[in-house]
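Undergrad: Need the 3D shape of this:
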Amino acid sequence: MNLEFFIAQRLYGTRKGAHRISRPAVAIAMWGVAIGAVIMIASICIIVGFKQQVREKMFGFGGHIQIMGYNSFNSAEAPLTADSTLLAELNAIENVTHIQQYTQKQGLIVANDEYEGVVIKGVCSDYDLSLIESHLVDGEIPCFNDTLPSNSIVISQAMAAKLKAGIGDRINIYFLDKGIRARKQTVAAIYNTHLTEFDNIIAFTDIYTTRSIHDWESNESSAIEIHIGDYSRLEQTRDEIKEVAARAADRNDETLSIPTIEELNMHMFEWLELLDQTVWLILILVVCIAAFTMVSGLLIIILEKSNLIGILKAIGAKDVSIRRIFIYYACFIIGKGIIFGNIIGLALCYLQQQFKIVAIDPDMYYMDRVPIGFSWLLVPMNIAMFIISVAVLVLPSMFISRIEPTRAIKFE
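TA: As a prediction, this is how the structure comes out:
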């Protein structure tokens, strides 16, 4: 066994060593590291959870990739011909997990002498409305299809509040298309995802109704939404979809656009990327504080063990060897602090994930509870925290070389 490691282990592990070394200094150093680890874990888990939930909500409203008529990229009025060949080729792409069509139309909802601008999104039975179902406030989502009008509509809680409408109320929707067209709909469900950019404008009805407003055929839609399995392969999958879409455009004499969800909601994704910079700033501050407490603790330990340092020097131990003893000793403290910090931090994050204890303002953060998402980044961040905390101790450990054996042995 390494001699320096053995001495450090005996100093740390024996009751005598624990008694001689200042307990407050060791405790402060250890809990400083532990608190730093707790803050690090909480910061990473909250940011990861926040980004995951916001992204999942955006994916629920628009998929990962869309195929749409070129003009509809701006106006949503140019139809896309979704023939069976196109749908079959899209389904054959390896990373594609689900495809769905929708037709949308801008309109004006009027109820109880109140009115609200809205984008009516027409969907059918194969459309994934799991996001809306998981955020229903009242009612049930009706069975939408593409052959018969449902005469039902799903609106957000924000819309319902502005229109003073509830479940079962009849509302009028007016569309400006070759004159003014109107449709009567019954409020079947009310949702609230807290993603205000979408909640404030999007309502859902059957695709048959929106196609009839456009006077489109049964195989024409505003766009095809595509969900993928591996998000890291977003651009690669888009390139494969482009090849399929190019053949469909040639067949149907159309010009198609294939934007990703990141391009359609660029400001949201740029904002999410800024959160990473905030996390790094927090982590740097946490590591600096933990390192400072360890430096202070190590200097106190060296001063209190100056008698031992003098004896070791007197019997021929070199300064480098003695420094290693105290750095090893500090490693035990840092390691214990990180372990305690991980236990506390992970436990708190798990409790928040399971029981949603801490609430936040949904108008500010797009959700009503602090989100938690565990990530493999916790492992390298713990390792990095340990290495940095140990590395900064090299400089204060040089103080050992200034201790003279004759004075240190007499020092009590």
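
Undergrad: Would you state the helices of the stretch 151-300 of the chain in chain order?
TA: Counting by DSSP state H, counting those that start in this stretch, the stretch 151-300 of the chain has helices at residues 157-163, 196-199, 207-214, 234-252, 261-264, 266-304.

Undergrad: can you redo these as CSV with mean pLDDT and mean neighbour count?
TA: In this view, the C-beta of every residue, glycine as well, is placed from N, C-alpha and C. CSV is the format used below for the helices of the stretch 151-300 of the chain (pLDDT from 0 to 100; neighbours: other CB atoms under 10 Å):
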stretch, mean pLDDT, mean neighbour count
helix 157-163, 95, 19
helix 196-199, 92, 17
helix 207-214, 93, 21
helix 234-252, 95, 16
helix 261-264, 94, 18
helix 266-304, 86, 16
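
Undergrad: quick one, which of those helices is nearest to residue 102?
TA: When the helices of the stretch 151-300 of the chain are compared by CB to CB, helix 207-214 sits nearest residue 102, at 6.6 Å.

Undergrad: Chain neighbours aside, what residue packs nearest to residue 167?
TA: Excluding its sequence neighbours, the residue lying closest to residue 167 (CB to CB, 6 or more residues apart in numbering) is residue 139, at 4.5 Å.

Undergrad: didn't that neighbour look like it was pressed against residue 189?
TA: Yes. Under the criterion of CB atoms under 8 Å, residue 139 makes contact with residue 189 at 3.5 Å.

Undergrad: any common contacting residues for the two?
TA: Listed as contacting both residue 139 and residue 189 by CB atoms under 8 Å, 6 or more residues apart in numbering are 154, 167.

Undergrad: more crowded one of those two?
TA: residue 189 (20 against 17; other CB atoms under 10 Å).

Undergrad: ok, the more buried one touching residue 156?
TA: No. Using CB under 8 Å as the test, residue 189 is too far from residue 156 to be in contact (10.1 Å).

Undergrad: ok, the residue nearest to residue 167 - contacts?
TA: 154, 167, 187, 188, 189, 190 are the contacts of residue 139 under CB under 8 Å, 6+ apart.

Undergrad: nearest to residue 32, of the residues you listed?
TA: The closest of these, once distances to residue 32 are taken by CB to CB, is residue 190, at 49.3 Å.

Undergrad: was I right about that closest one contacting residue 140?
TA: No. Contact criterion CB under 8 Å: residue 190 and residue 140 do not qualify, at 10.5 Å.

Undergrad: quick one: which of the two has more around it?
TA: residue 190 (21 against 12).

Undergrad: show me what contacts that one?
TA: Per CB under 8 Å, 6+ apart, neighbours of residue 190: 136, 137, 138, 139, 154, 155, 156, 157, 160, 166, 167.

Undergrad: Excluding chain neighbours, what is closest to the third one?
TA: By the measure of CB to CB, 6+ apart, the closest residue to residue 138 outside its immediate chain neighbours is residue 190, 4.7 Å from it.

Undergrad: follow-up on the earlier one: now, among the contacts of residue 139, which is nearest to residue 254?
TA: Nearest to residue 254 out of the contacts of residue 139 is residue 154 (CB to CB; 30.1 Å).

Undergrad: Show me what the closest one bridges to in the sheet.
TA: Going by DSSP bridges, residue 154 is paired in beta bridges with residue 189, residue 204.

Undergrad: what's near enough to touch it?
TA: Per CB under 8 Å, 6+ apart, neighbours of residue 154: 132, 139, 141, 142, 187, 188, 189, 190, 191, 203, 204, 205.

Undergrad: Would you mind giving me the confidence score for it?
TA: At residue 154, the model reports a pLDDT of 98.

Undergrad: ok, now how distant is it from residue 144?
TA: 9 Å (CB to CB, to the nearest Å).

Undergrad: Does residue 144 touch residue 207 like I think?
TA: Yes. Counting by CB under 8 Å, residue 144 touches residue 207, with 6.9 Å between them.

Undergrad: what residues are shared contacts of the two?
TA: 122, 123, 124.

Undergrad: Hmm, the second one is touching residue 141, no?
TA: No. Under the criterion of CB under 8 Å, residue 123 lies out of contact with residue 141, with a separation of 9.8 Å.

Undergrad: Compare these two and say which is more crowded by neighbours.
TA: Between residue 123 and residue 141, residue 123 has the larger neighbour count (other CB under 10 Å), namely 25 against 16.

Undergrad: show me the contacts for that one.
TA: Contact analysis of residue 123 by CB under 8 Å, 6+ apart lists 100, 102, 129, 144, 204, 205, 206, 207.

Undergrad: same thing but at 7 Å, please
TA: 102, 144, 204, 207 (CB atoms under 7 Å, 6 or more residues apart in numbering).

Undergrad: which of those has the most neighbours?
TA: residue 207 (29 neighbours).

Undergrad: which residues does the nearest residue to that residue once chain neighbours are set aside bridge with?
TA: In space, and not counting its chain neighbours, residue 207 is closest to residue 122: 3.8 Å by CB to CB, 6+ apart. Counting by DSSP bridges, residue 122 is bridged to residue 103, residue 205.

Undergrad: From residue 236, how far out is residue 122?
TA: 31 Å.

Undergrad: shouldn't residue 377 be in contact with residue 43?
TA: No. Contact criterion CB atoms under 7 Å: residue 377 and residue 43 do not qualify, at 10.7 Å.

Undergrad: pretty sure residue 389 contacts residue 36?
TA: No. Counting by CB under 7 Å, residue 389 does not reach residue 36; the two are 8.5 Å apart.

Undergrad: Quick check: neighbours shared by these two?
TA: residue 290.
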